[in-house]
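> generate coordinates for the sequence data below:
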Amino acid sequence: MTGIQTLVSTAYDLFLSLMVIHEPDRYGVRPAWAAGIRARVPEEERAFLDRVVPFFLPLRWIHTLPAPASASTVLSTLAELPPEERLNALACVQEGELCALLRRVAQRGAWSSEDYSEFAALTGEEKLTTHQREQLLDLWSTSAESGRLLLNALRAYYDSFFGEEEKRIGPVLEQAAAEACRLAQELPLPALLEQLSDGLLVGDLPPLRRVVLIPAFWNTPFVVHDYPAPDELFFIYGARPLGVSLVPGAPVPDDLIRGLKALADPTRLRILRYLQQEPQTTAELARRLRLRAPTVVHHLHILRLARLVHLTLETEGRRLYGLRAGALDTLNAALHEFLEQP
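As a prediction, the model looks like this:
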């Protein structure tokens, strides 16, 4: 029998928020606002965050933090580590060939072409660009200084922005966790994950001993999941409620803007029409639309961001998209509610 737990932790949102403000277009955030948040961080620390944020979402490390796993816990736990160990901690590099390679690079304070080739083989040739691999090796070749800057940069981001943001999102996460507990009593696991994620349908799940449901604010409506063990699932789902904007005090709710923008495109309207008929893959839609697959993926991403489509991850790796039941009615109701406000 699968045990289902909930976990409230703002540590996940600390790192997720950094991802969002460094890649605002992907998350439907105004680039100027995201740039304003980044500009609050002093120049040296801001430049360092620009280098490392694309590489680090330290889920395994956050899972191990002592309660309460808050942003302050992240900072205090990192501070207890020697500076040269902080990169390894956040990168979740386990003992093995990769760990040994990075330790050698750190000890020498430099890396060679042989190190680069070994690093590429161990990390997967297709996962990183040449420039990204070189950036990572540069970080480890100055591991003590990188560790110092890492802690300073996170502290600066916390002091300039996230400390106040943590107070705003904390009650939302508490409410979301309580709602997840209630739903867990009523729904089978696949339906529970679909509802919490606003439309992610997971194919045949492996036998699971433990599922940890972790509400997050900043990645809504996207999901990050991790299997620390083959029978253990950590499911980090976007829990920002409808009508609550990422930008505090926004005059128009994010969901309404994203929904209307998603519909204000003829290609996306055609996609929704096709998906209403039957769920389809990206390749099937590309053939019907006579578009390149990456273009279709872009449009589907916008529709998923607007919570208008659901995504089924099938066991053989296929991604199947469909129109979310009631999504257009929800958007229409949100529009009427906004227009009727005094």
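> can you give me the helices in the stretch 51-200 of the chain?
Taking DSSP state H, counting those that start in this stretch as the test, the helices found in the stretch 51-200 of the chain are 59-63, 71-80, 86-91, 97-108, 113-123, 130-141, 143-157, 163-186, 189-196.
> so what does the shortest one touch, helix or strand wise?
So that's helix 59-63. helix 10-22, strand 223-229, strand 232-238 (3 or more Cβ pairs under 8 Å, 6 or more residues apart in numbering; DSSP states H and E). Glycine gets a C-beta too; all of them are placed from N, C-alpha and C.
> ranking those by burial, who's on top?
helix 10-22 (a mean of 23; mean count of other Cβ atoms under 10 Å).
> contacts for that helix, please.
Residues outside helix 10-22 that contact it (Cβ atoms under 8 Å, 6 or more residues apart in numbering) are 27, 29, 34, 37-38, 49-50, 53-54, 56-59, 62, 65, 69-71, 73-74, 154, 157-158, 162, 165-166, 169-170, 173, 214, 216-219, 224, 236, 246.
> cool, stretch 175-189 as well?
Contacts for stretch 175-189 (Cβ under 8 Å, 6+ apart): 2, 4, 6-8, 192, 195-196, 205, 208, 211, 213, 215, 239, 241.
> list the buried residues in it.
176-177, 179-180, 184, 189 (16 or more other Cβ atoms under 10 Å).
> distance of residue 260 relative to residue 33?
19 Å (Cβ to Cβ, to the nearest Å).
> which regions of the stretch 51-200 of the chain lie under the pLDDT threshold?
Residue ranges of the stretch 51-200 of the chain with pLDDT under 70: 92-95, 125-126.
> at 90 what do you get?
54-57, 60, 66-68, 88-103, 119-133 (pLDDT under 90).
> mind listing what residue 25 touches?
Residue 25 makes contact with residue 31, according to Cβ under 8 Å, 6+ apart.
> for it, which three-state class applies?
Three-state call for residue 25 (DSSP: H, G, I helix; E, B strand; the rest coil): helix.
> just the pLDDT for the closest residue to residue 255 other than its chain neighbours.
Closest residue in space to residue 255, ignoring its immediate chain neighbours: residue 242 at 5.3 Å, by Cβ to Cβ, 6 or more residues apart in numbering. Looking at residue 242, its pLDDT stands at 88.
> how many neighbouring residues does residue 111 have?
22 (other Cβ atoms under 10 Å).
> that one reaches residue 137, doesn't it?
Yes. Counting by Cβ atoms under 8 Å, residue 111 does reach residue 137; the two are 4.3 Å apart.
> between the two, which contacts overlap?
With Cβ under 8 Å, 6+ apart as the test, residue 111 and residue 137 both reach 105, 119.
> tabulate the helices and strands packed on helix 59-63 (CSV), appending distance to residue 99.
Formatted as CSV, the entries for the helices and strands packed on helix 59-63 read as follows, by distance: least, Cβ to Cβ, whole Å:
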stretch, distance to residue 99
helix 10-22, 21
strand 223-229, 17
strand 232-238, 22
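> got the contact list for the spatially closest residue to residue 134 that is not a sequence neighbour?
Distance criterion Cβ to Cβ, 6+ apart; nearest residue to residue 134, sequence neighbours excluded, is residue 116 at 7.3 Å. Remark: with contacts taken as Cβ under 8 Å, 6+ apart, residue 116 is in contact with 133-134, 137.
> show me where the stretch 201-342 of the chain has strands.
Assigned by DSSP state E, counting those that start in this stretch, the strands in the stretch 201-342 of the chain fall at 210-216, 223-229, 232-238, 280-281, 309-313, 319-323.
> for those, give me CSV that also has distance to residue 250.
Shown next, in CSV, are these (distance: least, Cβ to Cβ, whole Å):
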stretch, distance to residue 250
strand 210-216, 19
strand 223-229, 23
strand 232-238, 17
strand 280-281, 34
strand 309-313, 24
strand 319-323, 27
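> residue 199: what's it in contact with?
221, 304, 307, 309-311, 324.
> closest one of the residues you listed to residue 282?
Nearest to residue 282 among the contacts of residue 199: residue 311, at 10.4 Å, using Cβ to Cβ.
> settle this for me: the closest one is touching residue 304, isn't it.
Yes. Using Cβ under 8 Å, residue 311 makes contact with residue 304 at a distance of 6.3 Å.
> mind splitting this structure into its structural domains?
For the chain, the structural domains run 3-238, 254-339, going by automatic domain parsing.
> measure the shortest one end to end?
Spelled out, that is domain 254-339. Start-to-end span of domain 254-339 (Cα to Cα, to the nearest Å) is 15 Å.
> with the longest one instead?
Between the opening and closing residues of domain 3-238 lies a distance of 21 Å (Cα to Cα).
> in terms of pLDDT, where does residue 315 sit?
68.
> oh, I was asking about residue 325
For residue 325, pLDDT reads 87.
> what's the local residue count around it?
10.
> from residue 145, how far off is it?
Counting by Cβ to Cβ - residue 325 and residue 145 are separated by 53 Å.
> would you list the helices of the stretch 51-200 of the chain in TSV and tack on distance to residue 332?
Converted to TSV, those look like this (distance: least, Cβ to Cβ, whole Å):
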stretch	distance to residue 332
helix 59-63	37
helix 71-80	38
helix 86-91	43
helix 97-108	51
helix 113-123	46
helix 130-141	43
helix 143-157	38
helix 163-186	24
helix 189-196	20
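> thanks a lot, catch you later.
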